[in-house]
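> How does the following fold in three dimensions:
(chains A and B)
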Amino acid sequence: CKKGYFDINTNPNNATSATPGLILTNALNTTARNTTGSYEFYRFAAPWIGYWNFSGGVSGFLEERSYNITSNYAGATNTWANLYDNLEDYQYLEQQGKALNKPYFVAFAKTMKAFDFQYLVDFYGDIPYTQALQSTAVIRPKYDKDLAVYEELAKQLDTAAALCKANLGKVASGDVSFDIVYAGDLAKWGKLANTIKLRLLLRQSEIAGRTDYIKSEIAKINANGLGYINANETANVQPGYLNSDGKLNPFYASFGYTAASTKTLQGGHQYYLAAEYSLNFYQNNGDPRLGRFYTTINEGAGTTYVGHPFGPTATDAEKPQFISAIGPGLVSWPSDASKPQPLITDFESLFLQAEAAQRGLISGSAEALYKSAVTQSFIALDLTAADATTYLSTQAVADWSDASNAGTGTSAEGTSYDKKIILIIKQKWASLNGFNDIESWCDYRRLGLPADIPISNNPTATTRKIPVRMPYPQSEYNYNPQNVAAEGAISQFTSRVFWDVK
Amino acid sequence: ASAQTIQVTGRVVAKDDGSPLPGVSVVVRGTTTGVITNGTGTYTINVPAKSSLLSFSFIGYIRKDTTAAANVNLNVSLVPDSRQLQEVTVTTALGIKRKAKELGYATQTISAKDLTLSKPTNLATGLSGKIAGLQITQANNQIDAGDQIRVVLRGNRSFVGNNQALLVVDGVTVALSYLNSLNPNDVESINTLKGANAAALYGSEASNGVILVTTKRGQSDGGGAFTYTNTTMLNQLSYFPKLQSQFGGGTGQDAFGFPQYTPYENQNYGDRFDGSLRSIGRTLPDGSIQMVPYANLPNEKKKFFNTGLDEQNDLTYSGGDKSGSVFINIQHLNSKGTTPGDKANRTSARINGTRMYKNLTANYSFDYTQRNYDKSYAQVYNTVINTPAEIPLTSYKDLTSLYGDPNNYFNDYYSSPYFDLANNRQKERKDALLGNLSLNFKATDWLDLFVRGGLSTSTIVGKYTRGAFTYSDFAKASGKSIAVNDIQSSTSDYDQFNSRYNGDFLATFHKQLSTDFNLKVIAGAQLTDQAQQNIGVGAGTLVIPNLFNVSNVSGIPSASESTSRYRTVGVFGDVTLGYKDYLFLHATGRKDKDSRLGKGNRSFFYPSVDASFVFTDAIKALKDNPILSSGKIRASISKVYTVQLIPYQLQSTFSTGSGFPYGSVAGFSVGNTVYDPNLKPEKTVAKEIGLDLGFLHNRITLEASAYTELTSDQEIYSGVNISNATGFTSAVINTGAGRTRGIELALNASPVISLRNGFRWNIGVNYSYNENKAISVYQGLDQLSIGNNNYIVVGRGYPQLLGNDYVKDPQGHVVVNAVTGLPTVNNTLVDFGQVNPKHILGMTTSFSFKNFTLAGTAELRAGAVVYNGFASTLDFSGISYTSAETGRERFIYPNSVIQTSPGVYVKNTNVTTNTGGGGFWADGIRDNVMSNYVTSADFIKIRELSLGYDVPTRYLKPFKFVKKANIALIGRNLFMFRPKSNIYTDPEINANTDNAQGVNNLNQTPPTRLYGFTASIGF
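Below you'll find the model as predicted:
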């Protein structure tokens, strides 16, 4: 045979190497597709937390309606698989960033790994961390304690912010375009890292004796001096979404419309309709966001807004024709097909800061931060600052100085809170609809707020309580059995994440 | 016939019983002119002169030479030869002909006579039940199902790799689907080399055994003959699942918990049929609404499907003379599917030829096939199931009729299956070309040189289309769920190209070393080169509706491409040493080089050794025994390496990120699979012993084999699943080992009875027992998923069917909730059993009398389970028989228990399920639990029955040009016996042809019964 006769095994179909920049663009977009823009982030939490409900035009959704989720439940299996897959890309980015001496790639990787790992802990509690992402070197990674993971993430975020600060303005011009969030603005990346860290720290607010730790960690944020995401600094992923199938904004692709030339509803848009609880909240409190979060019935063709109660198996009358759908503030056809996908909105960051200020963890006016947060929520829905001002001053549910928001109130479990905290969390809940319902689910687990979220009365819901976690996916029981078994039997109602101490 | 020759005709019978002998070779001595006797033992041959010497020879009989003399009518009787084994030659690997007695491993040969006795319509059916250890599974009964065939010899060895036999037609490796297109009448003989042992010379590809098909060469008497065959088969859907007949459309309950009728439902959870006139569907724009009696319409679902039709026409020419021969077959098959509107056709042409020049013989064959189909890709079986029992489904055939109009179709949730069929189409054309040329040069009397080049290519061009449909505003506003979205038209095109080149070279030395010792040495080399390319382009939405061209895309078309190529080269040697013609030692060795593996692992060597001992020849006392005519024991051991990988599986890849590129923004993702650059080939060590006996002049033969095969370094080319937390989902690695053991028995009696009046009864029984066991999987993991709910489980057979079940107490009773009476799902996978049968028993028998032959084939398969995946939809839709067994009333779950305290269970005597309607059957409690749909896959089938008639020559006299004619009535899949628990369907129909078996789904409609005839005339 000729020399090289057998050397024909070079892959002509797929790349066998990739630069870190090319990995970054996809990894950021994948985070958006797998978290705030994903079907998975809304499929159970949106109905549980009172935003959306199921259409009577389709059967199924039994697990969500009854809270009877198992390790095979897609909401439990997909996020696990998706986030670890995404993490592997950031792992590669971090390694390549180090190898090529591009510290900003390391900073991006550490920030985004913390973002992903935080949600893994918030969903599942203990997770593989120290032995994770090591390919076949460790095929059955052991589980780390959720608290330990959180503490490690805080350190990683400090390092990320420090790297951002040390390299301000030093992103190679050729790499700027790979950053589809902040276009190489390391100051903003530092803010993103700090904001994620603030989110991590506030999650631990109810743990007894944790205040000193939180304060010392906030001191480290203050030390880097980059601050938090402020108004108009939303961490938006924008690779160049356009109105073409496969290239749509991910949230729009899940809950909006297809790229058809006529208005054609995506499955998710037909399956999820307005929940009575949230619709009534906006409608009964003169909230102009009502018409942004929801359409009128019959996909906007009707004149009234109608939601339906969560729990019972939907009836034939509870179809898109008769119930309000996900509204134009979230999925405006066809323009929102190409809008950026927020990972952390400016108003969420402002609500976090308002809560931290109200708790005395950071300096600044809680009231001002709160008002700015509500205003940015209005703006994100294409309403005006003036609309927000009117709302903040005329509606008791939003008015900081209204008498009903003074003193203390109670949570779903009967815990007493400063009513300002209750106000902040309820408005945070009202603003995160369709932006990040997992944060609302976490707040509910942490604080029991908003206290009056309805619980499913579905006859098959034997435990009438919103689940406090996702079960580990069946794949772990199949492929990592000893380690997941060491976590013991998991109940979605009682096996709480460490920060959920209620 | 030319003027100088004389035509001699006659009949050949057996001396001992006077029965006619079909297949006897009649040759003019000193020439290559020869013919074969037909089914009634008669022959016609042209001889050059009156004094020509005719030689009659037949396996198992002593050759008889006699002069044609003036006789134009020459009847001959042959004397049985007890020393039969000596005469038989068997085509083995690479076309090497070896004496049957010297083979140290199991082979089973089927002659043209045995194959065509039962008039099978294609080779796949012709082989079923006739070879011990052979399992042929037809995956599907769709119009294109001919491609979907699984052929396994001796069960599975590889966990995920290919376990299917290699099909070699006239020395050229071809796709297994070829079995479905070969006309059995064109086949000279089929030989199966069953184990890795027999196949050492073919290399890696043959580690699962080989089916060697030799097609007919032209006759060489200087004349020519045409045969025309028509086979027409009707194809009728049968073995439908058992359905309920008591309840009609509905899904909800009224305030009192009674089932409620809903006129536009797909589910059958309405109230009990009462015969009253009720409305179905929604009120139409003109105010009308369809009214039907509220009663079961029992045959609507069956009637939805058509009777399929396969019509095949074959025209064969066979001719030749001393210096060569030619054999031409042209075939056309026209099929109409059971699914309305599905159709297919296949046209093929084959030319086989031989040319002889002194010491040089050239053989060539050339085959071209074009296959077209036009079918719907819509899953209409699902829609048909989801049609309530009172609905006159077949009345909606006309899409322009008032109620057939998709806007007005009664069902709110599913569109009309007639509309789905018309609107979702797939058309495909495949062109396949097969060519092969070989030269055999007899250099000296002890040296033969042989060289062969083979080529096989195929091109597939296909297109999917989906038509546009805009629902009326009225339909949209009515609340009709399906009308919410209009249907956008779309199309996608695909092209596949495959090619394979083969080159073989062989040198054969044979030498009589002494009076006792005989030596034969073969040295050779083989080269293959395979290439593949797939290209697809899709347009998700079209700008101009129904202009099905991908350039008419709205937005950006999707595109995909994959190409692959690999090469192998093997060199091998084969040595046979014979002692006194009764003891034979045979050894082979082969060294392969394969481009799919890394440099360090690319070359591998594997040997085999076998021995055969003909004790009836060696032991004087046994010679010429009137009962035991021949006897042989054999043993062999061999090692074979297999490369299961597809090319490029050594290096990790980065895939284009989902959605990318967005404009000029590119993005890549680390692939989800980890690859091992040092992957080794999969290793199988096979051991085998056997005993072959012949009794009563070999009228009765028994072949018995026992084998064990150990396959290690299993190449998990599809990837072992690993924890997502590793950052990857699968790893392509060598891992694990599995062992296969089994026995095979083949007993043939031909004839059992043979009377002087011409009555003959033949029988053949083939039995095989095969069990395998996974010894290890991967780094301490105890199971490996291979898809379709199939798993490799350590310590169990493979694959096993695993799935979810209810929570049960230690005695296996279902535990129900003390309040709701409902069982709960246990997501820990339960092992239901193996998907491949342990026992396969095949029986063929034939009775012939005068010109009639009645033949039948039966097969039993036992020891496997099947998951009737489609049955979950039967329950969901409420059409299943089981869903009505409790009258839709609340019921006590059978044999259930209630847990009173941890570990304490009491029999449930009074807690009924909180619902007996859809809430139980369709809402996850029943239909999401796999154990409800797993049944035994055992069956006994009468696969084939045929009645053939050879038209006597005297009746043909008036039609001068017609030399022979026969006709046969054929029925296939007529009867099936299965355990009562299997209320669903024929367990043999399967979702696919890979290793994951024992699962069906909605893509497989119920299997069919076939009836028809085949008629052929020769002229």
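
> Please count neighbours and contacts with C-alpha atoms only from this point.
OK.

> quick one: the helices in the stretch 501-650 of chain B?
Using DSSP state H, counting those that start in this stretch, the helices of the stretch 501-650 of chain B run over residues B:615-618.

> Please name the residues that touch the residue in it positioned nearest to chain A.
Chain A sits closest to B:Ser595 of the stretch 501-650 of chain B, with a gap of 4.6 Å, by C-alpha to the nearest C-alpha. Contacts here follow C-alpha atoms under 8 Å, 6 or more residues apart in numbering or on different chains; on that basis B:Ser595 touches A:Phe6, A:Asp7, A:Ile8, A:Asn9, B:Tyr566, B:Arg567, B:Thr568, B:Arg602, B:Pro647.

> Around the third one, how many other residues sit close by?
Other residues within reach of A:Ile8, judged by other C-alpha atoms under 10 Å in any protein chain shown, total 16.

> Not counting sequence-adjacent ones, nearest residue to B:Ala706?
B:Ile743 (4.3 Å; C-alpha to C-alpha, 6 or more residues apart in numbering or on different chains).

> ok, back up a step: excluding its backbone neighbours, what's nearest the residue of the stretch 501-650 of chain B closest to chain A?
A:Phe6 (4.6 Å).

> Does that neighbour fall in a helix, a strand, or a coil region?
Secondary structure state of A:Phe6, per DSSP: H, G, I helix; E, B strand; the rest coil, is coil.

> Backbone torsions only: list them for it.
phi -100, psi 0 (degrees, to the nearest 10).

> In chain A, which residue is most central in space?
By C-alpha atoms, centre = their mean, chain A has its centre lying nearest to A:Asn436, at 4.1 Å.

> Enumerate the residues of the stretch 251-400 of chain A near chain B.
A:Ala260, A:Ser261, A:Thr264, A:Leu265, A:Lys319, A:Gln321 (C-alpha under 8 Å from any C-alpha of the partner chain).

> Please identify which pair of those lies farthest apart.
A:Ser261 and A:Lys319 (23.9 Å; C-alpha to C-alpha).

> More neighbours: the two, which one.
A:Lys319 (26 against 15).

> Quick check: that one vs B:Asn766, distance?
Separation of A:Lys319 from B:Asn766 (C-alpha to C-alpha, to the nearest Å) stands at 61 Å.

> now B:Ser603
B:Ser603 sits at a distance of 39 Å from B:Asn766 (criterion: C-alpha to C-alpha).

> So between these two, which is more surrounded?
Set side by side, B:Ser603 and B:Asn766 show more neighbours around B:Asn766, with 24 against 18, by other C-alpha under 10 Å.

> residues in contact with the more buried one?
B:129-133, B:744-747, B:840-843.

> That one: which element?
Secondary structure assignment for B:Asn766, by DSSP states H and E: strand B:760-776.

> What are the boundaries of the helices in chain B?
Remark: helices assigned in chain B by DSSP state H are B:84-87, B:112-116, B:123-127, B:300-304, B:380-385, B:417-423, B:473-477, B:615-618, B:871-877, B:918-921, B:953-956.

> Now do the nearest residue to B:Pro661 once chain neighbours are set aside, the pLDDT please.
Computed as C-alpha to C-alpha, 6+ apart, the closest residue to B:Pro661 that is not its neighbour in sequence is B:Gly667, at 6.6 Å. pLDDT for B:Gly667: 95.

> ok, now which ones touch B:Gly667?
B:Gly667 sits next to A:Leu22, A:Ile23, A:Leu24, A:Thr25, A:Asn26, A:Ala27, B:Thr656, B:Gly657, B:Phe660, B:Pro661 when contact means C-alpha under 8 Å, 6+ apart.

> just the residues of the stretch 251-400 of chain A next to chain B now: which is nearest A:Thr296?
For these, the closest approach to A:Thr296 (C-alpha to C-alpha) belongs to A:Gln321, at 9.7 Å.

> beta partners of the residue positioned nearest the centre of chain B?
By C-alpha atoms, centre = their mean, chain B has its centre lying nearest to B:Ile149, at 2.9 Å. Here B:Ile149 sits in beta bridges with B:Gln138, as judged by DSSP bridges.

> do you know how far it is from B:Ala432?
Note on B:Ile149: its distance to B:Ala432, by C-alpha to C-alpha, is 18 Å.

> about what we covered before: report the lowest-confidence entry in the contacts of B:Asn766.
B:Gly129 (83).

> Return the backbone torsion pair for the residue nearest to A:Asn480 when sequence neighbours are not counted.
With C-alpha to C-alpha, 6+ apart as the criterion, A:Asn480 has its nearest non-adjacent residue at 5.1 Å, and that residue is A:Arg140. With angles defined as degrees, to the nearest 10, A:Arg140 sits at phi -130, psi 80.

> Can you give me every residue that contacts A:Arg140?
By C-alpha under 8 Å, 6+ apart, A:Arg140 lies in contact with A:Tyr479, A:Asn480, A:Asn483, B:Ile722, B:Ser723, B:Thr726.

> taking the residues you listed one by one, which sit in strands?
Of these, none are assigned to strands by DSSP state E.

> of all these, which comes closest to A:Ala187?
When the contacts of A:Arg140 are compared against A:Ala187 (criterion: C-alpha to C-alpha), the nearest one is B:Thr726, at 32.1 Å.

> Can you tell me how far the residue nearest to the closest one when sequence neighbours are not counted is from B:Ile633?
Take B:Thr726 and drop its neighbours on the chain: the residue closest to it by C-alpha to C-alpha, 6+ apart is A:Leu133, 4.3 Å away. Noted for A:Leu133: a distance of 57 Å to B:Ile633, by C-alpha to C-alpha.

> Who has more neighbours out of these two?
Shown here are A:Leu133 and B:Ile633; by other C-alpha under 10 Å, A:Leu133 has more neighbours (26 against 22).

> among the helices of chain B, which is the most enclosed?
Across those, averaging neighbours per residue (mean count of other C-alpha atoms under 10 Å in any protein chain shown) puts helix B:871-877 on top, at a mean of 25.

> Does chain A have contacts with it?
No - looking at helix B:871-877 against chain A by C-alpha under 8 Å from any C-alpha, there are no contacts, and the closest approach is 10.2 Å.
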